[in-house]
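Chemist: sharing a model that was predicted from the sequence below.
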Amino acid sequence: MDVDDAPSTPGKWKMEKPHHRHHPRLLLPRWHHSYPVSKLVFWSFFSLALFLALFLLSPRSSAPARIPESFASSSSSSGVRRAALQMAPWGGPAWEKRVRSSARVRRNPGGASVLVTGAAGFVGMHVAAALKRRGDGVLGLDNFNGYYDPSLKRARQALLDRAGVFVVEGDINDGALLRKLFDVVPFTHVVHLAAQAGVRHALVDPASYVHSNVAGLVSVLEAAKAADPQPAIVWASSSSVYGLNSRVPFSEADRTDRPASLYAATKKAGEEIAHVYNHIYGLSITGLRFFTVYGPWGRPDMAYFFFTRDILRGKPVSIFEGPDHATVARDFTYIDDIVKGCLAALDHAGKSTGSGGKKRGPAPLRIYNLGNTSPVPVTKLVSILERLLKVKAVKKFVKMPRNGDVQFTHANITFAQKELGYRPTTGLHSGLKKFVRWYLEYYSISLSKNDSTGRSISS
Ligand SMILES: O=C(O)[C@H]1O[C@H](OP(=O)(O)OP(=O)(O)OC[C@H]2O[C@@H](n3ccc(=O)[nH]c3=O)[C@H](O)[C@@H]2O)[C@H](O)[C@@H](O)[C@@H]1O
């Protein structure tokens, strides 16, 4: 999912604009030198009063005000709003038919009917496609926000569409939409991947993290707890919750009360919120702590992705270093391994025990690390990319900025191995090879034509 803001439905947005269009003369009386001043004053007051009355009488949900003010004034919010405006309206018999058909279990007897939030996001698309491939019913939900190039999200949506997965355009904060989806389909599971991702961006737009990762999660859990039957929830937490933890490898039993970024703090808050909904309402909830997921169709805000772009363009890449030039490393995890972990988590989720908002007994509440268990320095990441791209990178070594990054991540996956059968099989070199192949094809870049500096030329 990448995801998520926003809005009331586009249909509701449309209600606002016509106020001006239907009454242009009332709002904007033409100035004319012979126009009596008293009439002008009268019409001005009348227009103002009419405008105020229409504004006050219009239903609250028709305003785009579900984006909090603080968020609306942030730099990225205009992109989010623009993207929100392009969302297709939801509802109606044809739309419901499409929703039902997409969520219908095809093969896989006793299979799941799954709502995947953030389905046009990186992990969301891969999980939705994998569930569909094995015959489960899958419905996607995504708000196509402008955090990164929405055309990549549209391309993922097109891919899912060809696979038979309908991605509903809407926001996880839209409670009415979620209620409608649960009315139309008795989902057995929700794989909740819609989120505001990215560690460093939290410095730029903090409110978007609260909006998507806290308020959005609550909105999804509210809809799930009230649904009958209650679905089991599998959702994306993050390795970043380990924050300043220095015990390695990171185990689920380690402390997670020292987040280093607001992003991490909102994911940690999500884990606590999950506890509440499990405790009060009997929702089965499994949180997955993903470790730096990469691969084809990935996120352009992540280092491996924009390093590839910058290396190909001959632009410098900044490689972060810890104190005294210490290595910065990540437990990079290939997308196919993560998808296997997500599907295994779904298959082992166990049922929710509540119905109609009432708990009937204890339900599972779980957390698993999904990592690769072999941290790789960022310098190594860059040298692998250089080899695959056949271009020398222009490297700049810079002290790791205080922007929420941590120096090192390393997953202990004992629990996931034991309980889910999770076994990552793709190393960074072969994973990046697949990523680079996809990248070159997606952006139509040919490596065969290099200029004299060794820079490759896109065709
Ligand atoms: O595992 C996670 O929990 C997180 O993984 C990634 O966060 P991160 O590991 O910081 O991934 P990148 O932004 O791709 O950074 C990878 C490495 O490159 C380093 N880096 C990043 C940017 C840069 O310009 N230079 C640089 O050396 C970072 O410090 C980090 O060590 C995702 O962006 C988060 O959404 C996710 O939750």
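Modeler: The structure has been received and is ready for your questions.

Chemist: and the helix or strand containing residue 235, which strands flank it?
Modeler: Following DSSP states H and E, one finds residue 235 within strand 232-238. When pairing is defined by DSSP bridges, strand 232-238 lines up against strand 189-192 (parallel), strand 285-290 (parallel).

Chemist: list of residues touching it?
Modeler: With Cβ atoms under 8 Å, 6 or more residues apart in numbering as the test, strand 232-238 has contacts from 118, 123, 188-193, 195, 217, 220-221, 224, 263-264, 267-268, 270-271, 274, 283-290, 342, 345-346, 349-352, 364, 367. (Each C-beta comes from the backbone N, C-alpha and C, glycine too.)

Chemist: check stretch 383-402 too.
Modeler: Here stretch 383-402 makes contact (Cβ under 8 Å, 6+ apart) with 304, 307-308, 310-312, 314-322, 325, 328, 382, 407, 428-429, 432-433, 436, 447, 450, 454-456.

Chemist: returning to what we had before: do the helix or strand following the strand holding residue 235 and the ligand meet?
Modeler: For strand 232-238, the succeeding helix or strand toward the C-terminus, using DSSP H and E, is helix 262-281. No - contact of helix 262-281 with the ligand (Cβ under 6 Å from any ligand atom) is absent, the minimum separation being 6.8 Å.

Chemist: report all helices and strands that helix 262-281 contacts.
Modeler: Secondary-structure packing of helix 262-281 (3 or more Cβ pairs under 8 Å, 6 or more residues apart in numbering; DSSP states H and E): helix 206-209, helix 216-226, strand 232-238, strand 285-290, strand 365-370.

Chemist: out of those, which is the most enclosed?
Modeler: Mean neighbours per residue, mean count of other Cβ atoms under 10 Å, is largest over the helices and strands packed on helix 262-281 for strand 232-238, with a mean of 27.

Chemist: any idea of the angle it forms with helix 262-281?
Modeler: Interaxial angle of strand 232-238 relative to helix 262-281 (axes from the mean of the first three to the mean of the last three Cα atoms, to 10 degrees): 160 degrees.

Chemist: which among the helices and strands packed on helix 262-281 is found nearest to residue 129?
Modeler: Residue 129 lies closest to strand 232-238 among those, at 16.1 Å (Cβ to Cβ).

Chemist: now do the closest one against strand 365-370, angle only.
Modeler: Here strand 232-238 points in a direction 50 degrees away from that of strand 365-370 (the same axes, to 10 degrees).

Chemist: right, is strand 232-238 up against the ligand?
Modeler: Yes - counting by Cβ under 6 Å from any ligand atom, the ligand is contacted by strand 232-238 at residue 238.

Chemist: got the CA positions of that strand in PDB?
Modeler: What follows is strand 232-238, C-alpha atoms only, in PDB (Å, rounded to 0.1, in the frame of the first residue of the first chain):
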ATOM      1  CA  ALA A 232      -8.500 -12.700  11.000                       C
ATOM      2  CA  ILE A 233      -6.000  -9.800  10.500                       C
ATOM      3  CA  VAL A 234      -2.500 -10.100   9.200                       C
ATOM      4  CA  TRP A 235      -0.700  -6.700   9.100                       C
ATOM      5  CA  ALA A 236       2.700  -5.100   8.300                       C
ATOM      6  CA  SER A 237       4.700  -3.900  11.300                       C
ATOM      7  CA  SER A 238       8.300  -3.100  10.700                       C
END
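
Chemist: show me where the stretch 351-459 of the chain has its strands.
Modeler: Counting by DSSP state E, counting those that start in this stretch, the stretch 351-459 of the chain has strands at residues 365-370, 376-377, 394-399, 445-450, 456-458.

Chemist: turn these into TSV, columns for mean pLDDT and distance to the ligand.
Modeler: TSV is the format used below for these (pLDDT from 0 to 100; distance: least, Cβ to the nearest ligand atom, whole Å):
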stretch	mean pLDDT	distance to the ligand
strand 365-370	98	10
strand 376-377	98	9
strand 394-399	97	8
strand 445-450	77	21
strand 456-458	48	21
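
Chemist: angles on the backbone of residue 138, please.
Modeler: Torsion angles at residue 138 (phi, psi; degrees, to the nearest 10) stand at phi -140, psi 130.

Chemist: residues touching it, list them.
Modeler: Residue 138 is in contact with 102, 103, 114, 116, 128, 131, 132, 165, counting by Cβ under 8 Å, 6+ apart.

Chemist: out of the residues you listed, who has the most neighbours?
Modeler: residue 128 (34 neighbours; other Cβ atoms under 10 Å).

Chemist: mind listing what that one touches?
Modeler: 116, 119, 138, 140, 160, 163, 165, 167 are the contacts of residue 128 under Cβ under 8 Å, 6+ apart.

Chemist: sec struct for it, please.
Modeler: helix (DSSP: H, G, I helix; E, B strand; the rest coil).

Chemist: enumerate every residue touching the closest residue to residue 206 other than its chain neighbours.
Modeler: Leaving out its chain neighbours, the residue that sits closest to residue 206 by Cβ to Cβ, 6 or more residues apart in numbering is residue 262, at 5.3 Å. Shown in contact with residue 262 (Cβ under 8 Å, 6+ apart): 202, 203, 206, 209, 404.

Chemist: let's go with 10 Å and repeat that
Modeler: Residue 262 sits next to 196, 199, 201-203, 205-210, 213, 404 when contact means Cβ atoms under 10 Å, 6 or more residues apart in numbering.

Chemist: how about residue 258?
Modeler: 241, 242, 243, 244, 245, 246, 264, 265, 268.

Chemist: from those, pick the one nearest residue 412.
Modeler: residue 242 (10.5 Å).

Chemist: count the neighbours of the closest one for me.
Modeler: 30.

Chemist: could you number the chain from 271 rather than 1 from now on?
Modeler: In the new numbering, first residue 271, that becomes residue 512.

Chemist: and the nearest residue in space to it that is not next to it in sequence, how many residues sit next to it?
Modeler: Nearest residue to residue 512 in three dimensions, chain neighbours excluded: residue 520, at 4.6 Å (Cβ to Cβ, 6+ apart). By the criterion of other Cβ under 10 Å, residue 520 has 24 neighbours.

Chemist: thanks a lot, catch you later.
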